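A.B. asks: Could you work out the structure for the sequence below:
(2 chains)
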Amino acid sequence: MMTTTTSTRAPLATASAPAPNRSSRRSFLRKSVGAAGVASALALRPQLAFATPSNPATGDALIVVFLRGGADGLSMTPPTSTAYDSYAAIRPTIAITPDQSLPLDSSNLNAVFPQGLDGVIGLHPQLQPVYESAWANGQMAILPACGLPDAESRARSHFEAMRFWERGSASPSVRSGFLARLETALNAPGPVAGVSADGFSAQMLRGSRHSFSVNNLESFGVNGFENRMRATSALRTMYAGTGMVNTTGAATLGVSDTLGALSVDGPVFPNDSFGRDLRDVSVMLKANIGLVSAVVNLNGWDHHAELGTPFDTEARFAGLTARLGQGLRALIDDLGPDGLAETTIAVISEFGRTVDENGNGGTDHGRAGTMFLIGGGVQGGVFGNDYPDVIAEDPSNRRAFQVMTDYRQGLDEILSTRIGVNGIFPTMAAGTTLGVARP
Amino acid sequence: MDHFNITFSGALVALTVNYQEQTIRPNAMGRFADLLVATAESGPMLRYLDNTVSDARRGINENYGRELLELHTLGIDEQGNHIYTEEDVAGVARVMSGWTMQGSASDANFGQFLFRPEYHSTEAVSILGGQWTNAGLSDKAAGDSLLQFLARHPQTANHVAFKLCRRFVGDAPSASLVASAAAVYLANDTAIVPVLRHIFASPAFATSGGQKVRRPFELLSAAMRSLGSSVPIDPQSSASVQLVRALQRMGHQPWTWETPDGFPDDAAPWVNSNALLLGWEFTSRLARDQLTRSTDDMPLVTDLTVLRGNATNGAELFDRLSFRCNLGELPESLRDELLSLVGITADTPSADIDDDDLIELTSYLLAHPLFLLR
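C.D. replies: So this is what the prediction gives:
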């Protein structure tokens, strides 16, 4: 699938006089958009960076960054407008002021606000690296107040909620991961169609035949044996039959060769596990091995206490958010405009947190959180069925932020428009199109 | 365990062992009706499914009522078909309100069953189009009656029979086997053992070898059995800790499946590249005594004497190991190839096959695709 981002991109201009306290950010925005405009011309080259000849139908690759632990959406994208006062009142020590957050409004002419969410929220300042690239380029959709609708699940247990998000359904009859269903729908031949990048088996890929997990590409392969070459040879001899176990084993051995040959030298990523996982995904994406989807985890968002202030990178939330921002920026830069043109990065978390802070400067498990979609095929802007004028407890979910938008709606639009696959979320109720995907 | 799943977390940690030992195990080979009642009166289950906070005065919590119908008794098929309605779910939740547990962790009876009349809804309820009704009782008798009714419902019989057939025969057992097992269930007043006997005596069971994929816990058990590994009794020993960690890595640590449907019992979720790589790595490291240190109190050690047996040469050793691993008769070509990889032949005398060769050969056979099946 080709992307022609420039056709939808309006000429850069400042629509209205910027508020004084934001002028410096806006001038920065202007500069970075200018630079990206040059880069986007390169993206017009008609090539399918990640499709393989045997799978010409492959559209964008989907990278899911899962913020495990329940990231606080109200800190990720704090309210800046009508809702700010009510938010600040119930979060006396951790509220982020409109001055502190990065503005998400129509001063960025590359962004759209089709549901009217212009300037209602800002972006956490530690996401500046993403803001000045993807947001400025109109390649970042922000969906506040996202979650599974009450009608399907009000799960506030981490693992139950994670499982539901990863299956894309709360119904026990939907047992596979949604990325595994994507792979099936695409009939993706691999050899490597799905990757779980931190060495564990992501539920999102459960049931997939061409997915595997990599802890570190540098040491990926057949492990635990006296001699890897001999073991691989033995395994290859034994896994020559038919049936699921045999074919999966043979595919795994084929993958270990393919992946073992990839070099991770070159790309510059943050020197932490998140950066390494993103690096591995980027290397695999660029290697034309048929990758359809990848799961990268950034753990540790369960901030029941001491969430901290936004500019203190020693603080729990700001520190993790800084890692998120730097990692995503490195991935965006490493993929480059060509790569990003055929990649969608979805940033999700199993739930958001309570609207109010607790007695420990933290927040407890809630419902709605914030979701990001980033990519050349993503229409930048702020999207969602609605956003409240007052931040208050959801009447039907104690202390929680109300879910206004089904998190699957945005993903479904990307899958449908960018990848050409429908029906990955069988239990999702039909909703109004948000408009996050560029055609 | 999987049918009446709970999750090991938070306040339930201390109660999970009791649940396994006092609720599930004594009833697993008894009558399903008794097992169902035991779980319905179990604190961890009632807490896990939020029945402990289901208070008719503040609003009924339907979590337990729903799972009681959907997972524990009547069931729902893969297409989402079920015979009960949303009204039935709400009604069952009302009947079961008041079934709670002693909630104070400081109490010696913490986790014990407690019926709270003030939580209990006394509204009249009619289930499944009037198949079961009550006039609205103020004590737990209504719930007792409902559980007995549900345990003996033909749809429950089908559901339980299907799950037992899937467990012991194959992922897609024939409808006739399931129907006959369900009939045995009903004819024996929900007794589980006659149903198992019926399944084990069926032609389908006789030909079911290799139909089921070993889940990680079964893989672990089978590998330890084949290797003659010592079984760590002490749960605090490093051997126990490492085995639990291995199960955690492979996604099958007991009581960690978070949703009430329990660990999957079909192949698809368990067969993927990641699971195979982890399974191969686990069994090989186990064979090589790498999971624990030899200086540990009770290390996991492969019994090389048992593996070697009386084999006098490479061919006999290969047969011996195939037998230990229950792989049946493997082709000679495979035998010769695997032997040559470890640097021996069918004719190499036993005395010239050192322990490293023996262990390496064993690690390959444990990774054989047939070893991943049962």
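A.B. asks: just checking, residue B:307 touches residue B:227?
C.D. replies: Yes. Assessed by CB atoms under 8 Å, residue B:307 is found in contact with residue B:227 at 7.1 Å. Just so you know, the C-beta spots here come from the backbone N, C-alpha and C atoms, and that holds for glycine as well.
A.B. asks: Between these two, which has more neighbouring residues?
C.D. replies: Taking other CB atoms under 10 Å in any protein chain shown, residue B:307 and residue B:227 do not tie; residue B:227 has more neighbours (25 against 22).
A.B. asks: Does that one touch residue B:305 like I think?
C.D. replies: No. Using CB under 8 Å, residue B:227 is not in contact with residue B:305; the gap is 11.6 Å.
A.B. asks: where in chain A is pLDDT low?
C.D. replies: A:1-58, A:157-159, A:198-201, A:215, A:219 (pLDDT under 70).
A.B. asks: quick one: the strands in it?
C.D. replies: In chain A, the strands defined using DSSP state E lie at A:61-68, A:102-103, A:122-123, A:140-147, A:194-196, A:211-213, A:293-299, A:343-349, A:369-375, A:381-382, A:405-406.
A.B. asks: how distant is the second one from the center of its chain?
C.D. replies: The gap between the average C-alpha position of strand A:102-103 and the chain average comes to 20 Å, counting by CA atoms, centre = their mean, to the nearest Å.
A.B. asks: strand partners of that strand, parallel vs antiparallel please.
C.D. replies: Partners of strand A:102-103 in the sheet, by DSSP bridges, are strand A:122-123 (antiparallel).
A.B. asks: can you pull out the helices in chain A?
C.D. replies: A:23-42, A:73-76, A:84-90, A:128-130, A:158-167, A:178-186, A:228-238, A:244-260, A:273-286, A:316-341, A:407-414 (DSSP state H).
A.B. asks: Identify each buried residue in the fourth one, please.
C.D. replies: Buried residues in helix A:128-130, counted by 16 or more other CB atoms under 10 Å in any protein chain shown: A:128, A:129, A:130.
A.B. asks: And the strands in the stretch 101-250 of chain B?
C.D. replies: B:113-115, B:125-127, B:132-134 (DSSP state E, counting those that start in this stretch).
A.B. asks: quick one: which of those is nearest chain A?
C.D. replies: Between chain A and the strands of the stretch 101-250 of chain B, the shortest separation by CB to the nearest CB is 20.9 Å, and it involves strand B:125-127.
A.B. asks: which neighbours does that closest one have in its sheet, and in what orientation?
C.D. replies: Here, using DSSP bridges, strand B:125-127 pairs with strand B:132-134 (antiparallel).
A.B. asks: If you count neighbours, what's buried in the strand it pairs with?
C.D. replies: Going by neighbour count (16+ other CB under 10 Å), the buried part of strand B:132-134 is B:132, B:134.
A.B. asks: Stretch A:285-300 too?
C.D. replies: Here stretch A:285-300 shows A:285-287, A:289-298 as buried, counting by 16+ other CB under 10 Å.
A.B. asks: what's the neighbour count on residue B:366?
C.D. replies: 25.
A.B. asks: can you pull the contacts of it?
C.D. replies: Neighbour list for residue B:366: B:223, B:226, B:227, B:280, B:283, B:284, B:286, B:287, B:325 [criterion: CB atoms under 8 Å, 6 or more residues apart in numbering or on different chains].
A.B. asks: Distance of it relative to chain A?
C.D. replies: 10 Å (CB to the nearest CB, to the nearest Å).
A.B. asks: Torsion angles phi and psi at that residue?
C.D. replies: Per-residue torsions, residue B:366: phi -70, psi -20 (degrees, to the nearest 10).
A.B. asks: For it, give its distance to residue B:232.
C.D. replies: 19 Å (CB to CB, to the nearest Å).
A.B. asks: now do residue A:262
C.D. replies: Residue A:262 is 39 Å from residue B:232, by CB to CB.
A.B. asks: Those two: which is more packed in?
C.D. replies: Taking neighbours as other CB under 10 Å, residue A:262 and residue B:232 compare with residue B:232 leading, 21 against 18.
A.B. asks: and that one, backbone torsions?
C.D. replies: Residue B:232 has phi and psi values of phi -70, psi 120 when expressed as degrees, to the nearest 10.
A.B. asks: residues contacting the spatially closest residue to it that is not a sequence neighbour?
C.D. replies: Spatial nearest neighbour of residue B:232, excluding adjacent residues (CB to CB, 6 or more residues apart in numbering or on different chains): residue B:239 at 3.7 Å. Residue B:239 is in contact with B:230, B:232, B:291, B:292, B:296, B:298, B:299, B:300, counting by CB under 8 Å, 6+ apart.
A.B. asks: now with 10 Å?
C.D. replies: B:229-233, B:291-292, B:296-301 (CB atoms under 10 Å, 6 or more residues apart in numbering or on different chains).
A.B. asks: In these, which residue is surrounded by the most others?
C.D. replies: Tallying neighbours with other CB under 10 Å puts residue B:300 at the head of the contacts of residue B:239, with 25 neighbours.
A.B. asks: right, and it touches residue B:283 too?
C.D. replies: No. The pair residue B:300 / residue B:283 is not scored as a contact, 11.9 Å apart, by CB atoms under 10 Å.
A.B. asks: Next, show the common contact partners of the two.
C.D. replies: Counting by CB under 10 Å, 6+ apart, the contacts common to residue B:300 and residue B:283 are B:224, B:227.
A.B. asks: So which of the helices of chain A is the most surrounded?
C.D. replies: Neighbour counts (mean count of other CB atoms under 10 Å in any protein chain shown) averaged over each of the helices of chain A peak at helix A:73-76, with a mean of 28.
A.B. asks: before we move on, back to that, with distance to chain B as extra columns, can I get the helices of chain A in a markdown table?
C.D. replies: As requested, the helices of chain A are arranged in a markdown table below (distance: least, CB to the nearest CB, whole Å):
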| stretch | distance to chain B |
| --- | --- |
| helix A:23-42 | 35 |
| helix A:73-76 | 22 |
| helix A:84-90 | 23 |
| helix A:128-130 | 29 |
| helix A:158-167 | 3 |
| helix A:178-186 | 9 |
| helix A:228-238 | 4 |
| helix A:244-260 | 4 |
| helix A:273-286 | 13 |
| helix A:316-341 | 21 |
| helix A:407-414 | 17 |
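A.B. asks: That's all I had, so thanks and see you.
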